[in-house]
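Chemist: Return atomic coordinates for the entry below.
(one chain, ligands or ions: 1)
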Amino acid sequence: MKGSKCRCGFAVNTANIKCPKCGKNMKSAKWADEGTVISCVKVGFPPEGEHGPMNIALVQVAGRGPKVICWTDVCFSTGDAVTISEPAKQRYLCQKASGQSAIRP
Ligand SMILES: [Zn+2]
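Modeler: A predicted model of the protein is given here:
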C-alpha cells in the first residue's frame, strides 16, 4: 500500500504534500498490505449497484501506516489480523490473515 507519512507519525493512503495534522511536508511511503482491525460494522443496506450484505472494517495498516476503510464479506472483531487488497474502484477489501500470529499495528 502506498501513501504518505509525516515525521509527527501521521500517515495517509494518498499522496499528500502537507501533513493535515501538523502542516509539515510529508514523504511518500509504502507499507505491507496487512493490518489490524480497529472496528467493523455491518452494512444493512449496501450502496446502489452493490451486492449485499457487506461489512465495513476500519483497519490500522501495519508498520505505523494509515487507517483505511475496507469492505469485507464477514464482520471482523477488533484486533483481528487481516490482509488488504485493492482490486478495483479504489476500494480496499480485506480478509483474515492466513494463520500467523497477530500483526502489530
Ligand atoms: Zn505531521
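
Chemist: could you point out where the protein is predicted with low confidence?
Modeler: Residue ranges of the chain with pLDDT under 70: 52-53, 89, 99-105.

Chemist: Tell me who's in contact with the most centrally placed residue in it.
Modeler: Residue closest to the average C-alpha location in the chain (Cα atoms, centre = their mean): Val68, at 2.8 Å. Contact partners of Val68, counting by Cβ atoms under 8 Å, 6 or more residues apart in numbering, are Met1, Asn13, Gly35, Leu58, Val59, Val61, Ile84, Tyr92. Heads up, the C-betas are built off the backbone N, CA and C, glycines and all.

Chemist: swap in Cys19?
Modeler: Counting by Cβ under 8 Å, 6+ apart, Cys19 has contacts Cys6, Cys8, Phe10, Asn25, Met26.

Chemist: so Val41 sits right up against Ile56, yeah?
Modeler: Yes. In this structure Val41 lies within contact range of Ile56 using Cβ atoms under 8 Å: 5.4 Å.
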